[in-house]
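A.B. asks: predicted model and sequence below, questions to follow.
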Amino acid sequence: MTKMRANLTSPKYTPEKLFWGRFMDEKICSKCGEKRLKSFFYGKAAECKKCWAERVRLYNERKPEILKKTKKKWNEKVHPKIECKICGTIFKRKSASSVCSLKCRILDGCKEEKNGCWIWQKCRGRQSYGKTGWFSKTVTAHRASYIAFKGEIPEGLQVCHKCDVRLCVNPDHLWLGTQKDNMEDAKTKGRLKGTPGIKWTDQQRENILKNRQPPNKKGEAHHLAKLNEKNVREIRNLLREGIKQSKIADKYGVCQSAVSHIKSGRLWPHILEEEK
């Protein structure tokens with residue numbers, strides 16, 4: 001059964017009546033029960049503007065109390081109290097960390113060696129120094145260890161190592177000094193290039209080589225390599241023939257930018273040098 005549509009050309013449906021009819025129709029307020037015109041309601045709201053204003057006023061009077069209860073529930077849910085896995089202290093967790101303090105974070109991230117060094121086991125920087133985060137800041141692990149166990153670092157001073165192991169965070173192996181003091185210490189120990197008459201001890205050499213970052217592997221030996229030398233030479237031959245880079249990329253299962261870098265020598269440069 002089709003619905004009959006109103007004849008809008010009829011005098012009953014003049015533009016004025018169509019417009020004002022939306023406001024002249026009556027509606028019963030769900031709160032006070034009074035019959036009012038639709039113009040006394042906000043859109044499709046069930047309560048009239050007067051009742052709505054009264055509800056907002058009462059809410060604003062109780063707002064501090066409501067917010068306090070809501071915040072307390074939110075804090076208990078988002079920041080629960082947990083036990084620190086290092087010292088066992090009960091603390092309110094405010095991040096993903098499972099330790100209560102910077103000192104516990106240092107102890108959690110290191111491993112003690114036989115020689116007394118606490119070797120940092122977590123993130124490392126480019127210069128083989130340990131890295132850690134605290135209060136949204138990234139700092140070197142040995143500086144964080146000095147701050148946690150001994151106190152703040154005065155401006156202009158550096159945290160130096162007695163053991164010459166960059167990953168060591170043992171506070172007993174750390175001391176404060178200027179840049180000049182640090183260079184003099186390195187010169188005395190023969191750790192600077194070209195220092196005459198002084199050689200590294202076997203222990204110093206072993207510590208330095210052990211904690212030094214390995215050089216980046218190239219070619220097929222790299223852990224992310226998708227191609228081998230044979231594939232790269234084939235790609236270079238296809239490029240000389242004028243075949244599109246996108247077609248070559250689809251054939252070997254790599255992206256077009258990788259083929260472009262092979263062509264320019266940015267990737268696999270030793271193949272380009274061999275061809276020359």
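C.D. replies: Thanks, I have it.
A.B. asks: what's around Ser145, how many residues?
C.D. replies: 29 (other C-beta atoms under 10 Å). Every residue, glycine included, has its C-beta placed from N, CA and C.
A.B. asks: quick one: contacts for it?
C.D. replies: Residues counted as contacts of Ser145 (C-beta atoms under 8 Å, 6 or more residues apart in numbering) are 106, 118, 169-171, 174.
A.B. asks: same deal with Lys162?
C.D. replies: 173-175.
A.B. asks: ok, back up a step: filter the contacts of Ser145 down to the ones in helices?
C.D. replies: Ile106 (DSSP state H).
A.B. asks: just put the contacts of Ser145 in a markdown table and tack on distance to Thr140, pLDDT and neighbour count.
C.D. replies: Formatted as a markdown table, the contacts of Ser145 follow (distance: C-beta to C-beta, whole Å; pLDDT from 0 to 100; neighbours: other C-beta atoms under 10 Å):
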| residue | distance to Thr140 | pLDDT | neighbour count |
| --- | --- | --- | --- |
| Ile106 | 12 | 92 | 27 |
| Trp118 | 14 | 93 | 24 |
| Val169 | 9 | 94 | 30 |
| Asn170 | 14 | 94 | 22 |
| Pro171 | 14 | 93 | 18 |
| Leu174 | 11 | 94 | 19 |
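A.B. asks: wait, is Glu155 part of a helix?
C.D. replies: No: looking at Glu155 with DSSP: H, G, I helix; E, B strand; the rest coil, it is coil, so not inside a helix.
A.B. asks: report pLDDT for it.
C.D. replies: pLDDT for Glu155: 90.
A.B. asks: now swap in Asn115 and tell me
C.D. replies: 86.
A.B. asks: part of a strand, is it?
C.D. replies: No: applying three-state DSSP, one finds Asn115 to be coil, outside a strand.
A.B. asks: burial of Gln179, as a residue count?
C.D. replies: 11.
A.B. asks: so what pLDDT did it get?
C.D. replies: So Gln179 comes in at 91 (pLDDT).
A.B. asks: just Lys251 next, same as before
C.D. replies: At Lys251, pLDDT is 91.
A.B. asks: Leu227 versus that one, what's the distance?
C.D. replies: Lys251 sits at a distance of 11 Å from Leu227 (criterion: C-beta to C-beta, to the nearest Å).
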